[in-house]
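Chemist: fold the following.
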Amino acid sequence: MRSTFMGLEIAKRGMFTQQGALYTTGHNIANANTPGYTRQRINFTQTEPYPAASLNRPQIPGQMGTGVATESVQRVREGFLDIQYRNENNKLGYWESRSKALSKLEDIMNEPTQDGLAAVMNEFSASLQDLATYPEKEGTRKVVLERGRAIADTFHYLSDSLNSIKRDYGNQINDVSIKEVNSILEEIAGVNKQISEIEPHGYLPNDLYDQRDLLIDQISSYLNITVERRESGGNDLPVAEGIYDVKILNQDGTTSTLVAGAKYGKLEIGSPLPEHIAAIKVTDSDQNTVDVSVPNFSQGKLRGLVEAYGYVDNGSKGIYTQMLSDLDNLATAFAEMFNTKHNEGYILDKANAPTTLQGDDFFGFTSGLNPAKGLQVIISDTNQIAASKDGYSGDGKNALELASIQGKPAALLGDATINSFYEGIIGQLGVDALKANRLTNNSEILRQSVEEKKSSVSSVSLDEEMTNMIKFQHAYNAAARNITIVDEMLDKIINGMGTGGR
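Modeler: Numbering: from 1, shown residues only. Sure thing, here's the model as predicted:
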């Protein structure tokens with residue numbers, strides 16, 4: 001037979017459950033602006049009906065409900081959107097770092113402007129044309145000398161600026177990105193450990209889940225990762241999210257497990273960084289180390305930074321490495337061609353005409369420095385400029401040929417001219433920068449689209465939470481009113497019955 005107090009227990013369960021739902025709603029509202037927070041919900045479930053199937057069950061028409069209970073407090077999150085977001089975040093990290101590197105390079109090269117290398121070289125050529133017209137004038141010779149020095153200074157500036165930015169990228173790779181990645185891996189392992197200690201007791205550590213997902217979102221911008229889940233064991237709930245094993249995915253499809261439960265690995269390049277990075281050392285969670293070449297390394301912000309700095313792949317490559325190499329080749333080819341033609345001419349010697357004194361090298365290189373950094377004008381006397389073709393002081397034909405050097409094919413440049421080679425460098429830089437900017441914008445739009453979908457599912461809506469608050473409040477009040485009704489029934493039974501015959 002049913003207990004007289006059964007109604008009180010049903011009402012009490014209803015009050016406690018609705019009270020828990022109100023607390024969860026309050027928790028959502030309190031964290032409406034917390035980064036990475038995922039809204040939570042109470043999963044209601046009916047308690048076991050009365051009576052249970054047995055031989056001594058009471059003879060009543062059927063089972064009766066015994067109330068409600070809280071099955072779990074669960075996050076509202078869509079795993080598929082997490083995967084999409086991390087994929088787009090990874091692409092954005094790569095193209096954004098590449099776009100920034102190319103943008104800085106464009107700022108340094110400063111082309112096409114009146115202050116770029118092309119303009120300086122054209123001014124030098126124009127001064128030589130003036131010299132061909134007035135070969136005996138001291139003023140025109142001084143202009144040639146100064147504009148030659150301006151070319152050397154411009155090469156120095158470009159070389160210094162590019163090397164400075166390259167060093168900055170090296171510091172960013174080792175002192176910021178690598179350390180941050182390794183720190184995140186350690187934090188994920190630590191959160192995994194806490195989760196593995198809580199889930200077996202039948203709880204859902206939702207706030208720890210949020211912390212872990214936020215960390216994985218962060219590392220996805222640096223590396224292309226995959227996440228595998230495994231159960232904690234014990235009495236963990238079916239909806240428990242378990243332990244995350246985080247793996248890095250390389251370009252050839254190979255993987256290394258960076259986090260396995262509470263164990264974690266690390267990434268290394270070397271300190272100080274080599275001039276060109278040959279490989280990235282990946283140490284997995286079992287402390288096994290493998291060297292991964294840069295072209296095969298995981299896509300993401302870290303690879304974009306390494307490609308900007310410079311790496312080894314059948315020779316030295318990279319955004320800044322390639323530009324420095326091109327500038328060195330350009331400086332070498334220009335100086336050698338100019339010197340060769342300058343040596344064929346004759347210096348200014350008014351006392352002896354025609355003179356037999358031919359010109360020496362106009363440009364030279366400082367020993368121990370790269371050509372672009374070491375280029376210098378090595379003559380100091382304006383009379384040493386070999387403008388004459390026949391040795392007479394009034395002849396300027398050799399100066400005219402020197403002025404056309406930039407349009408002559410150079411073997412060192414693959415038979416390209418000085419002008420066309422430099423135009424090719426700047427043109428390719430513009431194409432690469434435009435592509436990087438376009439793909440950065442595309443990746444940003446796609447990531448933002450996925451992020452908005454994530455927010456529509458997981459973020460806290462204050463309007464929705466206020467509606468839930470009213471709903472749970474009314475349910476709580478109704479359960480309390482039910483207790484009042486049962487109390488009145490019990491009062492009638494206890495105090496109003498059994499008075500017959502008094």
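Chemist: what ranges do the helices span in this structure?
Modeler: For the chain, helices defined by DSSP state H occupy the ranges 6-30, 79-109, 117-133, 138-171, 179-198, 206-220, 301-309, 319-344, 371-374, 397-403, 418-458, 462-496.
Chemist: nearest to residue 287, of those helices?
Modeler: With Cβ to Cβ, the closest approach to residue 287 among the helices of the chain belongs to helix 179-198: 12.9 Å. In short, each C-beta sits where N, CA and C put it, glycine included.
Chemist: now that closest one: average pLDDT?
Modeler: If you average the pLDDT over helix 179-198, you get 96.
Chemist: for stretch 381-389, same thing?
Modeler: The average pLDDT within stretch 381-389 is 94.
Chemist: quick one: residues in contact with it.
Modeler: 131-132, 135, 138, 141-142, 144-145, 342-349, 354-355, 358-360, 362, 379, 395-399, 401-402 (Cβ atoms under 8 Å, 6 or more residues apart in numbering).
Chemist: just the C-alpha atoms of that stretch, please, in PDB.
Modeler: The C-alpha trace of stretch 381-389 is given here as PDB (Å, rounded to 0.1, in the frame of the first residue of the first chain):
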ATOM      1  CA  ASP A 381      88.900  60.800 -56.500                       C
ATOM      2  CA  THR A 382      86.300  62.000 -59.100                       C
ATOM      3  CA  ASN A 383      89.000  61.900 -61.800                       C
ATOM      4  CA  GLN A 384      89.200  58.100 -61.400                       C
ATOM      5  CA  ILE A 385      85.800  57.700 -62.800                       C
ATOM      6  CA  ALA A 386      86.400  56.200 -66.300                       C
ATOM      7  CA  ALA A 387      84.000  58.100 -68.500                       C
ATOM      8  CA  SER A 388      86.100  58.100 -71.600                       C
ATOM      9  CA  LYS A 389      86.200  55.400 -74.300                       C
END
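Chemist: thinking again about what came up before, which one of the helices of the chain is the most hemmed in?
Modeler: helix 301-309 (a mean of 25; mean count of other Cβ atoms under 10 Å).
Chemist: by contact count, what packs against that one?
Modeler: Helices and strands touching helix 301-309, by 3 or more Cβ pairs under 8 Å, 6 or more residues apart in numbering; DSSP states H and E, are helix 79-109, helix 138-171, helix 319-344.
Chemist: out of those, which gets nearest to residue 10?
Modeler: The closest of the helices and strands packed on helix 301-309 to residue 10 is helix 79-109. By Cβ to Cβ, the value is 36.3 Å.
Chemist: elements contacting the closest one?
Modeler: helix 138-171, helix 206-220, helix 301-309, helix 319-344, helix 418-458.
Chemist: distance of the residue nearest to residue 19 when sequence neighbours are not counted relative to residue 487?
Modeler: Of all residues not flanking residue 19 in the chain, residue 476 sits nearest, at 6.1 Å (Cβ to Cβ, 6 or more residues apart in numbering). According to Cβ to Cβ, to the nearest Å, residue 476 stands 17 Å off from residue 487.
Chemist: kindly report the same for residue 33.
Modeler: Counting by Cβ to Cβ, the gap from residue 33 to residue 487 is 43 Å.
Chemist: next, format the helices and strands packed on helix 301-309 as JSON lines and append mean pLDDT and distance to residue 371.
Modeler: Below are the helices and strands packed on helix 301-309 laid out as JSON lines (pLDDT from 0 to 100; distance: least, Cβ to Cβ, whole Å):
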{"stretch": "helix 79-109", "mean pLDDT": "96", "distance to residue 371": "17"}
{"stretch": "helix 138-171", "mean pLDDT": "95", "distance to residue 371": "8"}
{"stretch": "helix 319-344", "mean pLDDT": "96", "distance to residue 371": "4"}
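Chemist: quick one: low-confidence ranges for the stretch 351-500 of the chain?
Modeler: Applying pLDDT under 70 to the stretch 351-500 of the chain picks out residues 498-500.
Chemist: rerun at 90
Modeler: Within the stretch 351-500 of the chain, the ranges that satisfy pLDDT under 90 run 351-356, 391, 393-394, 486-500.
Chemist: show residues contacting stretch 150-157.
Modeler: Stretch 150-157 has contacts (Cβ under 8 Å, 6+ apart) with 117, 120-121, 123-124, 327, 331, 334, 363, 372-373, 375-377.
Chemist: stretch 14-33 too?
Modeler: 37, 39-42, 44, 67-70, 73, 460, 462, 465, 468-469, 472-473, 475-476, 478-480, 482-483.
Chemist: any idea how far residue 355 is from the residue lying closest to residue 361 once chain neighbours are set aside?
Modeler: Nearest residue to residue 361, sequence neighbours excluded (Cβ to Cβ, 6+ apart): residue 339, at 4.4 Å. With distances taken as Cβ to Cβ, residue 339 is found 19 Å from residue 355.
Chemist: for residue 448, same thing?
Modeler: The gap separating residue 448 from residue 355 is 73 Å, by Cβ to Cβ.
Chemist: what of residue 6?
Modeler: Residue 6 is 125 Å from residue 355, where distance means Cβ to Cβ.
Chemist: can I get the helices of the chain in CSV with distance to residue 385?
Modeler: Putting the helices of the chain into CSV (distance: least, Cβ to Cβ, whole Å) gives the following:
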stretch, distance to residue 385
helix 6-30, 80
helix 79-109, 29
helix 117-133, 7
helix 138-171, 5
helix 179-198, 55
helix 206-220, 61
helix 301-309, 41
helix 319-344, 8
helix 371-374, 21
helix 397-403, 8
helix 418-458, 19
helix 462-496, 79
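Chemist: so which of those comes closest to residue 250?
Modeler: Each of the helices of the chain has some distance to residue 250 by Cβ to Cβ; the shortest is helix 301-309, at 10.0 Å.
Chemist: just how off-centre is that closest one within its chain?
Modeler: What separates the centre of helix 301-309 from the centre of its chain is 9 Å, taken as Cα atoms, centre = their mean, to the nearest Å.
Chemist: quick one: contacts of that helix?
Modeler: Applying Cβ under 8 Å, 6+ apart, the external contacts of helix 301-309 come out as 93-98, 101, 166, 169-170, 172-173, 177-178, 181, 221-223, 267, 269, 273, 277, 280, 294, 297, 317-321.
Chemist: one more time with 7 Å, if that's ok
Modeler: For helix 301-309, the external contacting residues (Cβ atoms under 7 Å, 6 or more residues apart in numbering) are 93-94, 97-98, 101, 166, 169-170, 172-173, 177, 181, 221-223, 277, 294, 297, 318-320.
Chemist: again, but for stretch 233-249
Modeler: Residues contacting stretch 233-249 (Cβ under 7 Å, 6+ apart): 72, 74, 188, 192, 195-196, 199-202, 204, 209, 212, 216, 223-232, 255-261, 282, 298.
Chemist: about what we covered before: need the max-distance pair from the contacts of stretch 150-157.
Modeler: Largest pairwise distance in these, by Cβ to Cβ, is 21.4 Å, between 123 and 373.
Chemist: what about stretch 233-242, average pLDDT?
Modeler: Stretch 233-242 comes out with an average pLDDT of 91.
Chemist: what about it, how long is it end to end?
Modeler: 8 Å (Cα to Cα, to the nearest Å).
Chemist: buried residues, it. List them.
Modeler: 236-237, 240-242 (16 or more other Cβ atoms under 10 Å).
Chemist: how about those residues in CSV, adding distance to residue 386?
Modeler: CSV is the format used below for those (distance: Cβ to Cβ, whole Å):
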residue, distance to residue 386
236, 87
237, 89
240, 85
241, 79
242, 80
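Chemist: show me which of those is closest to residue 440.
Modeler: residue 241 (32.4 Å).
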